[in-house]
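# This is a predicted model, with the sequence first.
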Amino acid sequence: MLSFAGCLRSARLDARVEQIDAALVEAESLGAMRCAPRELASAQSQLEFGRLEREQGDVTRAFAHLDAADENVRAAKLLSAPERCGGSREGAAASTSPHSPAVPTSRAAPVARTVGIGDHPDAKR
């Protein structure tokens, strides 16, 4: 029975990797490289960390990395939406002049942030 539960969890993990990978492709097509490069890079690296943890057999850590990847890819897609970013990658590239900023000036804070134990506001010093 334990083996069956492990197979189900592994199948869920594989499906999650595929879902995030597809979301990354969509974010890139929206222009996330230009409009949300930090979030896109974080999502890509967290996805790779998740894959590595999966290969090493640590499913719990793999899911934690995939959660971070999912948060960041959602943020990248939000920041790359046409109403925020100026349209699709092709349309936005054609409409930018040399005098306009390449990255929107109003940016949301990054979604995922690493907090060390001593950095937490409730940590006793």
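Done, it's in. Numbers count the residues shown, from 1 in each chain.
# give me the low-pLDDT residue ranges for this structure?
Residue ranges of the chain with pLDDT under 70: 1-8, 87-125.
# in it, which spans are helices?
Secondary structure of the chain (DSSP state H): helices at 2-30, 32-35, 37-55, 59-79, 82-85, 89-95.
# quick one, the longest one and helix 59-79 angle?
Same thing as helix 2-30. 20 degrees (axes from the mean of the first three to the mean of the last three C-alpha atoms, to 10 degrees).
# can I get the helices of the chain in JSON lines with mean neighbour count?
Where you see a C-beta, it was placed from the backbone N, CA and C, and this is true even at glycine. Shown next, in JSON lines, are these (neighbours: other C-beta atoms under 10 Å):
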{"stretch": "helix 2-30", "mean neighbour count": "14"}
{"stretch": "helix 32-35", "mean neighbour count": "21"}
{"stretch": "helix 37-55", "mean neighbour count": "19"}
{"stretch": "helix 59-79", "mean neighbour count": "20"}
{"stretch": "helix 82-85", "mean neighbour count": "14"}
{"stretch": "helix 89-95", "mean neighbour count": "13"}
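# For the nearest residue to Arg61 once chain neighbours are set aside, give me its contacts.
What sits nearest to Arg61 in space, not counting adjacent residues and going by C-beta to C-beta, 6 or more residues apart in numbering, is Glu53, at 4.3 Å. Neighbour list for Glu53: Val59, Arg61, Ala62, His65 [criterion: C-beta atoms under 8 Å, 6 or more residues apart in numbering].
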